[in-house]
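Q: missing the sequence, but the structure's below:
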Ligand SMILES: Nc1ncnc2c1ncn2[C@@H]1O[C@H](COP(=O)(O)OP(=O)(O)O)[C@@H](O)[C@H]1O
Ligand SMILES: [Mg+2]
C-alpha cells in the first residue's frame, strides 16, 4: 500500500537554529503515528512544514503521491489534510456551531450570486452545512450547547470543538499537535477513544504528544525527535527498549520517578514504616 504522506530528509532552519534536521517518515491510511521528543525538539515545526505554514529548507513532502512543498495551507486542506494547533485556534467571537461550519466552507459549492442573494440553493446548502457540522460535534462527543461562544466552554470541550473543525474538512490525514495537553485523566481517556474512532474511519493520524501512557497505548509506530534530529523510529515496544531514546528522552522521566521515590521514603519515615524494597523504579514506562 502506498503511503498517504511521505516525508523525506526534511530540514528547516531558522537562522542558526536547525529546528528540523533530517526527518523522514511515512503515514498510511488508518494508521496512528506518534511524534515524540522533548520541548524544542522540532515537532511543531515539522507539522508547520507538512501543513504548508513553513517552507522547509530542504527535503520532500508528498501527499497521496504528489509534492505539497510549495502548496498553500488552504489548498493542502482541500486536498485532504487537516491539523489542530498546540495552542487552540478557534474563532472566539463565534458560536460552537459556526466554528465548525466555517471549517466546512472551504468545501462548499454554492456560487457567489447564490451567497449574495440568499437563493433557495444557498439556503439548502446552509442547512445541509449546519446538519453536517452538528454531526461532527456529535461524532467528537461534544455535549454542550452548540449555540454558546467557544470561550464559554471548559477547555476540554474547546479541544473537542477544534477536532470537530478539523474533521469537518473531511480529511484523509489528521495532524494533532498535543491534543491531550491540559486535559484531566477522564478527558484523556475520552480523547483516546475519539482518536481510535477517527482512525477507524480510515483516516491517517500523526500525533504529537507528551503523555507517554497515551502514546504507548495509541500509536502503532513512534518517531522520536531530539534537537531536530530523528533518533529513533519503531513500534512502542522497540522505542521503550531503545537505549538512545532512554538516554535522550525517557531518561528525564526516570528523574521524576526518583523524586517520587524520595517522597514515598519520607512519608514512610513519618509513618514509621519501612518502604517496600525493589519499588524504586516501579513507575517505569
Ligand atoms: N518561527 C520560529 N522562528 C524561530 N525559531 C523557531 C520558530 N519556530 C520554532 N523555532 C525554534 O525551533 C525549535 C523547535 O521548536 P518547535 O518546533 O516548536 O519544538 P517542539 O514543538 O518540539 O516543542 C526551537 O528551538 C524553537 O525555538
Ligand atoms: Mg510544539
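A: Looks like it arrived, so ask away. Since the model is a prediction, treat every value here as computed from it, not as a measurement. Ligands and ions are numbered 1, 2, ... in the order given.
Q: C-alpha only now, for contacts and for neighbours.
A: Noted.
Q: measure residue 173 to ligand 1 for me?
A: Applying C-alpha to the nearest ligand atom, to the nearest Å, the value for residue 173 to ligand 1 is 19 Å.
Q: near ligand 1, which residues of this protein?
A: When proximity is defined by C-alpha under 6 Å from any ligand atom, the chain lies next to ligand 1 at 14, 19, 39, 40, 41, 42, 43, 44, 45.
Q: go again with 5 Å.
A: Counting by C-alpha under 5 Å from any ligand atom, the residues of the chain close to ligand 1 are 19, 39, 40, 41, 42, 43, 44, 45.
Q: whichever of these end up buried, select them in PyMOL.
A: To isolate the buried ones among these in PyMOL, judged by 16 or more other C-alpha atoms under 10 Å, type:
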select buried, resi 19+41+42+43+44+45
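Q: lowest pLDDT pick from the residues of the chain next to ligand 1?
A: Lowest pLDDT among the residues of the chain next to ligand 1: residue 39, with 91.
Q: that one: which element?
A: Following DSSP states H and E, there is no helix or strand that holds residue 39.
Q: which residues touch it?
A: For residue 39, the contact set (C-alpha atoms under 8 Å, 6 or more residues apart in numbering) is empty.
Q: from here on, call the first residue 14.
A: In the new numbering, first residue 14, that becomes residue 52.
Q: if I look at it, how far off is residue 27?
A: Separation of residue 52 from residue 27 (C-alpha to C-alpha, to the nearest Å): 16 Å.
Q: tell me where the stretch 164-298 of the chain has helices.
A: Counting by DSSP state H, counting those that start in this stretch, the stretch 164-298 of the chain has helices at residues 168-180, 198-213, 225-231, 249-254, 256-258, 264-283.
Q: can you pull the buried residues of stretch 66-73?
A: 67, 68, 69, 71, 72, 73.
Q: wait, stretch 184-203
A: Of the residues in stretch 184-203, 184-193, 196, 201, 203 count as buried by neighbour count, 16+ other C-alpha under 10 Å.
Q: which one of the residues you listed sits closest to residue 252?
A: For these, the minimum distance to residue 252 (C-alpha to C-alpha) is 19.1 Å, reached by residue 191.
Q: wouldn't the closest one be in contact with residue 225 here?
A: No: judged on C-alpha atoms under 8 Å, residue 191 makes no contact with residue 225 at a distance of 11.7 Å.
Q: measure residue 215 to residue 48 for me?
A: For residue 215, the distance to residue 48 (C-alpha to C-alpha) stands at 19 Å.
Q: can you list the low-confidence ranges for the stretch 164-298 of the chain?
A: Counting by pLDDT under 70, the stretch 164-298 of the chain contains low-confidence ranges at 262-298.
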